[in-house]
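>>> here you go, sequence then predicted model.
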Amino acid sequence: MSIILHKADTRGVANHGWLRSHHSFSFADYYEPTRMNFGTLRVLNDDTVAAGMGFGRHPHRNMEIISIPTFGDLKHADSMGNQTIIKQGDIQVMSAGTGVEHSEMNANKDREVRFFQIWITPNQNNATPRYGQHTLELGKLHNNLHTVLSPEQTNEGVWIHQQAWFSMGHLDANFATTYTLKQPGNGVYAFVIEGNVTINTVALHRRDGLGLTDTALLDITANTNAQLLLMEVPMA
């Protein structure tokens, strides 16, 4: 088993006033050659956007872009004609494919919005652009690693053009479980949203990231009440 540990305070930091962001991997003005990606996981940004502000309309191509709000509401609009509000408890995906323009704005004038922006390299280029959004059943996350993203079109979360699976769990203190990888050769990047957990003997705290490869099983224990995101992705 190989391990890559990214402590929360080692992430890249950007502060543009209206936007505060922590980058687990190289992004924009933050460049660290040892932290370009974890397999097909290219971007993991922890963003906070001020009230009424946001990312104006801009283009993307050939990338699977996932947003997971943790506080507040995002207003999405794109060149496919979608106009939606993405709330805490939702997960959104946009397959950029041949090209799409979009904006992501704070839908509220009186409070910030916080969300994770995640990019996955697709397994096919120039797909037809596509938008998906799903409201999670929070009860399914309690003491469970619930699949919220996969390659398959199901009612359990969103799907992308990649052999990748995301699982989320809201775990009680002292709860222990295991995660079995879905596809041989994949790796898992675990990200602690809240609380403290131990994964395969490695102690992790809020916003720490842990990449694991060459293993088929993760042993997970919540040391406090915790929220955990597992991103299983191909490594090539």
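Good, I have the coordinates. In this text, all values refer to a predicted model and were calculated from it rather than measured experimentally.
>>> from here on, contacts and neighbour counts on C-alpha atoms
Will do.
>>> which residues of this structure score low on pLDDT?
In the predicted model of the chain, residues 155 satisfy pLDDT under 70.
>>> who touches stretch 179-191?
38-39, 145, 163, 165, 207-220, 228-235 (CA atoms under 8 Å, 6 or more residues apart in numbering).
>>> actually stretch 142-159, not the one I wrote
Around stretch 142-159, the neighbours that count as contacts under CA under 8 Å, 6+ apart are 91-93, 132-136, 140, 160-172, 175, 179.
>>> change it to 7 Å
For stretch 142-159, the surrounding residues in contact (CA atoms under 7 Å, 6 or more residues apart in numbering) are 93, 132-134, 136, 140, 160-172, 175.
>>> among the residues you listed, the buried ones, what's the ChimeraX command?
Burial among the contacts of stretch 142-159 is assessed by 16 or more other CA atoms under 10 Å; the matching ChimeraX selection reads:
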select :93,133,134,136,160,161,162,163,164,165,166,167,168,169,170,171,172,175
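>>> show me what contacts Met235?
When the contact criterion is CA under 7 Å, 6+ apart, the partners of Met235 are 38-40, 186-187.
>>> secondary structure class for it?
In three-state terms, and counting by DSSP: H, G, I helix; E, B strand; the rest coil, Met235 is coil.
>>> any idea how far it is from Phe25?
Look at Met235 and Phe25: by CA to CA, to the nearest Å, they are 15 Å apart.
>>> before we move on, what about Gly89?
Look at Gly89 and Phe25: by CA to CA, they are 24 Å apart.
>>> who's more crowded, the two?
Comparing Gly89 with Phe25 by neighbour count (other CA atoms under 10 Å), the higher total belongs to Phe25, at 23 against 15.
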